[in-house]
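Participant: with the sequence up front, the predicted model follows.
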2 protein chains.
Amino acid sequence: MSTTPTVYDVAERSGVSIATVSRVYRNPDSVRAQTRERVLAVARDLGYVPSGNARGLASRSTGVLGLCFPDYSDPDAESEAEAGHGDEADDEAAMLYSDQIIRGMERAARRHGYALLIAASLKGGPESLVAKVAGRVDGFAVLARTVPTEDLEVISRRQPVVMLAGPRESNQLDHLDHIEVANSDGQRELTRHLIEDHGLRRLAYVGFAEESPDVEARFRGYVEACRAAGIAVGAEPDLRVPMMTQAEGARAADTLLDRPGDRPEALLFANDQMAVGALHTLERRGLRVPQDVAVTGFDGITLSRLVRPALTTVRQPMRRMGEEAVELLVRRLSGGRTPENAGEPVSMTLPVSVVRRASCGCKAA
Amino acid sequence: MSTTPTVYDVAERSGVSIATVSRVYRNPDSVRAQTRERVLAVARDLGYVPSGNARGLASRSTGVLGLCFPDYSDPDAESEAEAGHGDEADDEAAMLYSDQIIRGMERAARRHGYALLIAASLKGGPESLVAKVAGRVDGFAVLARTVPTEDLEVISRRQPVVMLAGPRESNQLDHLDHIEVANSDGQRELTRHLIEDHGLRRLAYVGFAEESPDVEARFRGYVEACRAAGIAVGAEPDLRVPMMTQAEGARAADTLLDRPGDRPEALLFANDQMAVGALHTLERRGLRVPQDVAVTGFDGITLSRLVRPALTTVRQPMRRMGEEAVELLVRRLSGGRTPENAGEPVSMTLPVSVVRRASCGCKAA
DNA sequence: GCCTAAGATGAATGCGCTTTCATTCACGTA
DNA sequence: TACGTGAATGAAAGCGCATTCATCTTAGGC
């Protein structure tokens, strides 16, 4: 009896067939009450729990949705939390993207009766990651750039996959559902705000070195706003950094301020982490924000509100993104096996909102 | 071909047996390189992804750990986030317990090569919840009181289960591993702080109506500190509320302040949510915190730092708890099939820390 | 050039459950 | 009394993979 009990054990002990045991769990009403009770009693007695694997195998569906995300942990955040045990710097503050998406997905999944399987990619083989998740769920969401697109290409032929954040790949993944945020709109509006409402004209944009669709889109919004205001800008950000971390942001600020010529009136960063790093640099150099230099971020992470001056940024509705992802998956899953399921891939863009705080001059620091 | 490809399809197309296909994924080195490449090519071509279910069934292990938690969503938080779109009140602020535990578990699980399955109980049958999770994972953690103890009793005979937060049940679950925080110590220290460092003596404690081991432990700490200081206290909290929400906290404050006799100098709440609600009430009534009344919470949720005055509270290391839970499960899982596995159940208590902020008078509001 | 051992592959079985399809049984009806 | 009916249950066939054990190669060794 050291082995875990199965339907066979329960069936034998309660004098019914395994089919009946199965029915007791799948469709209780189809079994006579008396029989049902007997089976349940034995099951309880034996400590029987239906094997999800066997169930899934036989019914080819798992009742689980998945989420793959990259290892987002910013080394900065880690070390900072460890070093300064200050009240303000504790790690709780850093509710990451992934956390919010997880929360959104979990809620929505629960509503639809699904559980959620989450897995972040290790630096090792992403192969194992996606394979592991894909093989165990009915459908899943992937944060952009977590998994090689070609792998997704393959997997999406077999189950619903929705890509989060990051414009749809123009090449092959045209049949992948996709949810993004209005990166371009947000950055454009924020830039317009700096130019029109604060009268700033010497702007500098800091982006990411590796090609990142999101960052590109943000930069595009920046460029549009500048041009609309008659401000000349190049086709490239003023600076590209190797990683979008606080450390790099701090360094970037130094680099830009050390450049010859007039000091920029505003530093626009492609994400909040970098902007926060820049804030440190500016303070160290004795420059006041926003009086001497305005600073803006992008994302709207919790930390952006906690720093001083509070960071003006663009908030992304990550939680909602998670919810929408689930809705989409559920729709694909329930919508008949093959009707319009092969129909047009859905692509949705969620609106963002500019959050005006102190670092651009809107509120008192 | 509309059906999802299986090992059989791959085997046939690449001219090998299914055993070889399986080997290619499970143990690549045991297959000749040439053969391996051929199989992988076909797999890629066909869009083959190994079925996690079949794998799990055949190898009886899933590579997944689970977490069951109650539906913690505080209705307050929801409505507040929807109503006031204020910058300060956005939902990011509310990083709940479950979120932190999830994060801790995810990190630790990833390190050990496991994925994480999370599921919150719906109000419906908790049966389905736990069964669903239990059937799909190698082991899992449960937040106290999410699942009827008798169910756990049954399941724990079949796989490792670790209970989080909440003292071990004295009755039957003695063979369940268990991780808790030093609730009693924390509340005692916090109370001692109010009494000795701030000279407060008229205290009032607000707890939860339903029996909750954690809340009981906290109350116990409170009582100990009072008695040690020679302050008389009853065996019951001054007030028990039906739910530990902000709304109830607000109401509780009203109730306590309306009672005849001297106004309490300090209101101690069994969690932060209630304390925050009380803060609203006090402001409405024109009472200053901490000058007129001190207020304290318990938990150390992010919101506790964001409210004004910032809340003095006791921080629980929820994230670490998640990590420890995984470590424990992994140990159980890897530690031989039956050696000391049946050994003593582990029970660990994580230390908490008092966070002194403005609401008790320690820092400027 | 023949024999042996290690390496590569195949055949077959079982993992635990779901799901037709068929069978049995108890009634009500003609 | 014989027969149709629907409910309850059983028999059996997979679901897709991992894993022995047996079989077949192939590279050495003499």
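Facilitator: Structure's in. What do you need? Residues are numbered from 1 along each chain as shown, chains lettered A, B, ... in the order given.
Participant: isn't A:Arg55 up against B:Ala131?
Facilitator: No: A:Arg55 lies out of contact with B:Ala131 (Cβ atoms under 8 Å); the separation is 9.9 Å. Quick note: C-beta positions are derived from backbone N, CA and C, even for glycine.
Participant: neighbour count for the two, which is higher?
Facilitator: A:Arg55 (22 against 19; other Cβ atoms under 10 Å in any protein chain shown).
Participant: where's the more buried one, which helix or strand?
Facilitator: helix A:52-59 (DSSP states H and E).
Participant: report the angle between that helix and helix B:52-59.
Facilitator: Orientation of helix A:52-59 against helix B:52-59 (axes from the mean of the first three to the mean of the last three Cα atoms, to 10 degrees) gives an angle of 120 degrees.
Participant: pull out the buried residues from helix A:52-59.
Facilitator: Neighbour counts using 16 or more other Cβ atoms under 10 Å in any protein chain shown place A:52-57 of helix A:52-59 among the buried residues.
Participant: how many other residues sit next to the residue in the stretch 151-300 of chain A positioned nearest to DNA strand D?
Facilitator: At 10.3 Å from DNA strand D, A:Arg158 is the closest residue in the stretch 151-300 of chain A, using Cβ to the nearest atom of the strand. Burial measure for A:Arg158: 18 neighbouring residues, criterion other Cβ under 10 Å.
Participant: does it touch B:Leu46 like I think?
Facilitator: No: counting by Cβ under 8 Å, A:Arg158 does not reach B:Leu46; the two are 9.5 Å apart.
Participant: now do the shared contacts for the two.
Facilitator: Common neighbours of A:Arg158 and B:Leu46, counting by Cβ atoms under 8 Å, 6 or more residues apart in numbering or on different chains, are B:Pro5.
Participant: sorry, back to before: neighbouring strands - and their directions - for the helix or strand that comes right after the helix holding A:Arg55?
Facilitator: Next helix or strand after helix A:52-59 toward the C-terminus (DSSP H and E): strand A:64-69. Its sheet considered, strand A:64-69 pairs with strand A:115-120 (parallel), strand A:139-143 (parallel) by DSSP bridges.
Participant: who's in contact with the nearest residue to A:Cys226 once chain neighbours are set aside?
Facilitator: Once flanking residues are discounted, A:Cys226 sits nearest to A:Val233: 4.5 Å by Cβ to Cβ, 6 or more residues apart in numbering or on different chains. With contact set as Cβ under 8 Å, 6+ apart, A:Val233 has these partners: A:203, A:205, A:222-223, A:226-227.
Participant: check A:Val233 and give its pLDDT.
Facilitator: Listed pLDDT for A:Val233 reads 92.
Participant: shouldn't it be within a strand?
Facilitator: No: when classified by DSSP: H, G, I helix; E, B strand; the rest coil, A:Val233 is found to be coil rather than part of a strand.
Participant: quick check: the residue of the stretch 151-300 of chain A closest to DNA strand D is in a strand.
Facilitator: No: A:Arg158: not assigned to a strand; according to three-state DSSP it is coil.
Participant: and the one residue in the stretch 151-300 of chain A that gets nearest to chain B, its phi and psi?
Facilitator: Nearest to chain B, among the residues of the stretch 151-300 of chain A, is A:Arg157, at 4.1 Å (Cβ to the nearest Cβ). Dihedral pair for A:Arg157: phi -80, psi -10, per degrees, to the nearest 10.
Participant: name the nearest residue to it, ignoring sequence neighbours.
Facilitator: Using Cβ to Cβ, 6+ apart, the closest residue to A:Arg157 is B:Gly47 (4.1 Å).
Participant: now the stretch 201-350 of chain A, which segments are flagged as low pLDDT?
Facilitator: Counting by pLDDT under 70, the stretch 201-350 of chain A has low-confidence residues at A:335-343.
Participant: how about the residues of it that lie near chain B?
Facilitator: When proximity is defined by Cβ under 8 Å from any Cβ of the partner chain, the stretch 201-350 of chain A lies next to chain B at A:300-302, A:305, A:315, A:319, A:338.
Participant: ok, so of those residues, who is nearest B:Arg218?
Facilitator: B:Arg218 has its nearest neighbour among these in A:Thr302, at 26.9 Å by Cβ to Cβ.
Participant: and the closest residue to A:Arg356 other than its chain neighbours, backbone torsions?
Facilitator: Distances taken as Cβ to Cβ, 6+ apart put A:Cys362 closest to A:Arg356, at 3.9 Å, once the chain neighbours are dropped. A:Cys362 has phi and psi values of phi -80, psi -30 when expressed as degrees, to the nearest 10.
Participant: show me where the stretch 101-250 of chain A has strands.
Facilitator: Assigned by DSSP state E, counting those that start in this stretch, the stretch 101-250 of chain A shows strands spanning A:115-120, A:139-143, A:161-164, A:177-181, A:203-208, A:239-241.
Participant: thinking again about what came up before, which ones among the residues of the stretch 201-350 of chain A next to chain B map onto helices?
Facilitator: Among those, the ones falling in helices (DSSP state H) are A:302, A:305, A:319.
Participant: near DNA strand D, which residues of chain A are found?
Facilitator: A:15-20, A:23, A:30-32, A:34-35, A:54, A:57-58, A:60 (Cβ under 7 Å from any atom of the strand).
Participant: to the chain's geometric centre, what's the distance from whichever helix or strand A:Asp254 is part of?
Facilitator: A:Asp254 belongs to helix A:246-258 when assigned by DSSP H and E. Computed by Cα atoms, centre = their mean, to the nearest Å, the chain-centroid distance of helix A:246-258 equals 26 Å.
Participant: just the angle between that helix and strand A:203-208, please?
Facilitator: Going by the same axes, to 10 degrees, helix A:246-258 makes 150 degrees with strand A:203-208.
Participant: what packs against helix A:246-258?
Facilitator: Counting contacts by 3 or more Cβ pairs under 8 Å, 6 or more residues apart in numbering or on different chains; DSSP states H and E, helix A:246-258 packs against helix A:75-83, strand A:203-208, strand A:239-241, strand A:266-269, helix A:272-284.
Participant: which residues does whichever helix or strand comes after the last one contact?
Facilitator: If I follow you right, that is helix A:272-284. Counting by DSSP H and E, the element after helix A:272-284 in chain order, helix or strand, is strand A:294-296. With contacts defined as Cβ under 8 Å, 6+ apart, strand A:294-296 is touched by A:190, A:194, A:198, A:200, A:265-269, A:275, A:278-279, A:282, A:289, A:311-313, A:359-361.
Participant: stretch A:357-365 now?
Facilitator: A:193-194, A:197-198, A:266, A:275, A:279, A:289-291, A:294-296, A:304-305, A:308-313, A:356, B:87.
Participant: only alpha carbons, please: show it as PDB.
Facilitator: In PDB, the C-alpha atoms belonging to stretch A:357-365 read as follows (Å, rounded to 0.1, in the frame of the first residue of the first chain):
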ATOM      1  CA  ARG A 357       4.700  63.700 -11.200                       C
ATOM      2  CA  ALA A 358       7.500  65.800  -9.900                       C
ATOM      3  CA  SER A 359      10.400  64.900 -12.100                       C
ATOM      4  CA  CYS A 360       9.000  66.800 -15.100                       C
ATOM      5  CA  GLY A 361       7.900  69.800 -13.000                       C
ATOM      6  CA  CYS A 362       4.300  69.000 -12.700                       C
ATOM      7  CA  LYS A 363       4.100  68.500  -8.900                       C
ATOM      8  CA  ALA A 364       6.100  69.700  -6.000                       C
ATOM      9  CA  ALA A 365       9.000  67.400  -5.300                       C
END
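Participant: done for today, thanks.
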